[in-house]
Structure formats: structure tokens, C-alpha cells
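>>> just coords:
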């Protein structure tokens, strides 16, 4: 999975849970919602979009800094080398047994 997808999913999950938790505290504004959205809807949407993009960029930067951004590529490279017979012989044998369905 690509890091930007992980970042977008994590951002959406955190934003959704934040809105869910904050919704009960902002009930008193429910009657003013049309007025607030009419006057400030565009600026609210723009600020939310920028906050979402900033948070996604921060998660992506943290993944790049910790080495998680290319983890899938490295695991795939290691798996292909083991399947070719390079590296750990026990792991190669276990993968061969798994592929053939010969479980002990």
C-alpha cells in the first residue's frame, strides 16, 4: 500500500472521530447552522481542506523520516530474494512448503 493512501485514510479516520466527538459539544449552534454556513461556509471549507492537507503531509513526512514510506518495497524485495533461494535457508524451505501446501 502506498504511503499517501495510508496517510489519507488515517487523516479521514482522525477527522471523522474529531467531528464525532466535537459534535455533541456544539449542539447549541445547530439552530444557527444555516446562517453560519451562508456567511462563513467558504472560509470554513477552505480552512478544513488546508488543515486536512497539512495533517496528511505531516503523517507522510513522519512516515518518510521513520522509513515506513518504502517499507512495502523493501519487504517485497526481501521476499523475492528469499523465494529465489538467497538468504535464510529455513525461511526458503518454509515458503516452499507453504506454496506446495505441505504443512507439518
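Thanks, I have the structure now. Since we're looking at a predicted model, the values are computed, not measured.
>>> now the biggest helix by length in the chain: mean pLDDT?
Longest helix in the chain by number of residues (criterion: DSSP state H): helix 33-66. Averaged across helix 33-66, the pLDDT comes to 88.
>>> name the helices or strands packed onto it?
Identification of packing neighbours for helix 33-66 by 3 or more CB pairs under 8 Å, 6 or more residues apart in numbering; DSSP states H and E yields helix 3-23. Just so you know, the C-beta spots here come from the backbone N, C-alpha and C atoms, and that holds for glycine as well.
>>> tell me the buried residues in the helix it packs on?
Using 16 or more other CB atoms under 10 Å as the test for burial, helix 3-23 gives 3, 6-7, 11.
>>> separation between residue 21 and residue 56?
Noted for residue 21: a distance of 20 Å to residue 56, by CB to CB, to the nearest Å.
>>> what's the answer for residue 25, then?
25 Å.
>>> next: residue 100.
In terms of CB to CB, residue 100 sits 43 Å off from residue 56.
>>> picking up where we left off before, and the next element down the chain from the longest helix of the chain?
With elements assigned by DSSP states H and E, the helix or strand that comes after helix 33-66 is helix 71-83.
>>> would you mind pulling up the elements that the helix or strand that comes right after that next one packs against?
Using DSSP H and E, the helix or strand that follows helix 71-83 in sequence is helix 89-100. In this structure, helix 89-100 makes packing contacts with helix 71-83, judged by 3+ CB pairs under 8 Å, 6+ apart.
>>> so what touches the helix it packs on?
1-2, 87-88, 91-92, 95 (CB atoms under 8 Å, 6 or more residues apart in numbering).
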